[in-house]
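Enquirer: take this sequence and fold it.
(chains A and B)
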There are 2 protein chains.
Amino acid sequence: MESREEQAAWTFVRKARIGRLATIDSRGFPSVVPFCFTLMAMPEPTIVSVLDEKPKRVTDAALGRVRNILKHPEVGLVIDHYDEDWSNLVFVQAKGIARLIEVSDPLHAHTIVQLRIKYPQYEAMALEKRAVIAIDQLRLRVWRGDGQTFGQRDDQRDE
Amino acid sequence: MESREEQAAWTFVRKARIGRLATIDSRGFPSVVPFCFTLMAMPEPTIVSVLDEKPKRVTDAALGRVRNILKHPEVGLVIDHYDEDWSNLVFVQAKGIARLIEVSDPLHAHTIVQLRIKYPQYEAMALEKRAVIAIDQLRLRVWRGDGQTFGQRDDQRDE
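Expert: Next comes the predicted model:
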């Protein structure tokens, strides 16, 4: 990707409200979940996500995606826009390396602040003791349904 | 899952216009893409998808997801609904085994017909010689943001 195209891809990722994250489970199957995240500079671009208080049946440590990344840190994700006019389809795929940011790490509080700025829904949740997942070493791939260069049109639109 | 909940999950999957599919690439990273699909009974529930004519830079055989499933047939996918009111969040996650349905297989034409019924966009595309991916041995997991049982409310809504 040229730098301008890559810049557009990062903007698209940054503005997205939801992405889908895949880890690899203990049986070797990809495990895909929708996830809320924010993009931070640490200083390298890093996607961070918190194991929030949306109802879960298990503790953070037992949660599938945590177990998965501790054993197999290679993860993949996609941010996309669906439209019935397929010439408007857009996606940014990313692959990277995931790690946990422990509650004791000063970065932890910083990521919670950033996540709350993006998602007001988090303000009412006690996230201070929840595990944060950080994904870096990100490699992006972009695709548009009209075959044009990413960022040419309205890929930066808010949605 | 109880059978009624599982039935609701299948209905949710069947009605979805888009899902996100993860395969595992040659370097061991999950590779996630948005994908159009339909749910068929063969007679076991099977998710089928065609490598359509949306712009791709490579031939079907060279396309990442085809290479990936030939080497590593374990795949994962998620069908979900995002809403800023997080109590409305819903997802169905599936894991299964992917294979290619060759053009010479009588099932191939049948899947193209079914995909065109669901997606009028496919009517204008020449799909007869494109590879079809079938995913079966599907195991489902459901999740709702309000912690209720899947299928209780309006998970069957059209969208």
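Enquirer: okay, the one helix or strand A:Gln137 maps to in PDB with CA atoms only?
Expert: Applying DSSP states H and E as the criterion places A:Gln137 in strand A:132-144. The C-alpha coordinates for strand A:132-144 follow below in PDB (Å, rounded to 0.1, in the frame of the first residue of the first chain):
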ATOM      1  CA  VAL A 132      -7.000  -5.400  28.400                       C
ATOM      2  CA  ILE A 133      -5.900  -7.000  25.100                       C
ATOM      3  CA  ALA A 134      -3.400  -5.000  22.900                       C
ATOM      4  CA  ILE A 135      -2.700  -6.000  19.400                       C
ATOM      5  CA  ASP A 136       0.300  -4.600  17.600                       C
ATOM      6  CA  GLN A 137       2.800  -5.500  14.800                       C
ATOM      7  CA  LEU A 138      -0.300  -4.900  12.700                       C
ATOM      8  CA  ARG A 139      -0.200  -5.600   9.000                       C
ATOM      9  CA  LEU A 140      -3.100  -4.200   7.000                       C
ATOM     10  CA  ARG A 141      -4.700  -5.300   3.800                       C
ATOM     11  CA  VAL A 142      -7.500  -3.300   2.200                       C
ATOM     12  CA  TRP A 143     -10.200  -4.100  -0.300                       C
ATOM     13  CA  ARG A 144     -13.000  -2.100  -2.000                       C
END
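Enquirer: for that strand, name the packing helices and strands.
Expert: helix A:3-15, strand A:45-50, helix A:64-71, strand A:90-101, helix A:106-118 (3 or more Cβ pairs under 8 Å, 6 or more residues apart in numbering or on different chains; DSSP states H and E). From N, CA and C alone the C-beta is placed, and that goes for glycine too.
Enquirer: got the buried residues for the helix or strand of chain A with the lowest mean pLDDT?
Expert: Ranking every helix and strand in chain A by mean pLDDT, DSSP states H and E puts helix A:64-71 at the bottom, with a mean of 92. Burial within helix A:64-71, assessed by neighbour count using 16 or more other Cβ atoms under 10 Å in any protein chain shown, is assigned to A:64-69.
Enquirer: and if you look at stretch A:120-139?
Expert: Those would be A:121-122, A:125, A:127, A:131-135, A:138, for stretch A:120-139 by 16+ other Cβ under 10 Å.
Enquirer: and the furthest pair within the residues you listed?
Expert: A:Met125 and A:Leu138 (26.2 Å; Cβ to Cβ).
Enquirer: and chain A, which residues reach chain B?
Expert: A:17-18, A:20-25, A:27-34, A:54-55, A:72, A:74-78, A:80, A:82, A:84, A:86, A:89, A:91, A:93, A:95, A:121, A:144-147 (Cβ under 8 Å from any Cβ of the partner chain).
Enquirer: and the buried ones among the residues you listed, selectable in ChimeraX?
Expert: Per 16+ other Cβ under 10 Å, the buried members of these correspond to this ChimeraX selection:
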select /A:18,20,21,22,23,24,25,29,30,31,32,33,34,54,72,74,75,76,77,78,80,82,86,89,91,93,95,121,144,145
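Enquirer: which residues sit in contact with A:Arg130?
Expert: A:50-53, A:60, A:103 (Cβ atoms under 8 Å, 6 or more residues apart in numbering or on different chains).
Enquirer: from those residues, which would you call buried?
Expert: Of the contacts of A:Arg130, these count as buried by 16+ other Cβ under 10 Å: A:50-52, A:60.
Enquirer: now tabulate these in a markdown table and tack on pLDDT.
Expert: Shown next, in a markdown table, are the buried ones among the contacts of A:Arg130 (pLDDT from 0 to 100):
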| residue | pLDDT |
| --- | --- |
| A:Val50 | 95 |
| A:Leu51 | 89 |
| A:Asp52 | 80 |
| A:Asp60 | 77 |
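Enquirer: coming back round to it: mean confidence score for the strand holding A:Gln137?
Expert: For strand A:132-144, mean pLDDT is 96.
Enquirer: adjacent strands (with direction) for it?
Expert: When pairing is defined by DSSP bridges, strand A:132-144 lines up against strand A:45-50 (antiparallel), strand A:90-101 (antiparallel).
Enquirer: deepest-packed of those strands, please.
Expert: Ranked by mean neighbour count, the strands paired with strand A:132-144 are led by strand A:45-50 with a mean of 22 (mean count of other Cβ atoms under 10 Å in any protein chain shown).
Enquirer: hey, C-alpha coordinates of that strand in PDB?
Expert: Extracted C-alpha coordinates of strand A:45-50, given in PDB (Å, rounded to 0.1, in the frame of the first residue of the first chain):
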ATOM      1  CA  PRO A  45      -0.400   1.600  16.000                       C
ATOM      2  CA  THR A  46      -2.000  -0.700  18.500                       C
ATOM      3  CA  ILE A  47      -5.600  -1.900  18.700                       C
ATOM      4  CA  VAL A  48      -6.800  -2.200  22.300                       C
ATOM      5  CA  SER A  49      -9.900  -3.800  23.700                       C
ATOM      6  CA  VAL A  50     -11.200  -4.500  27.200                       C
END
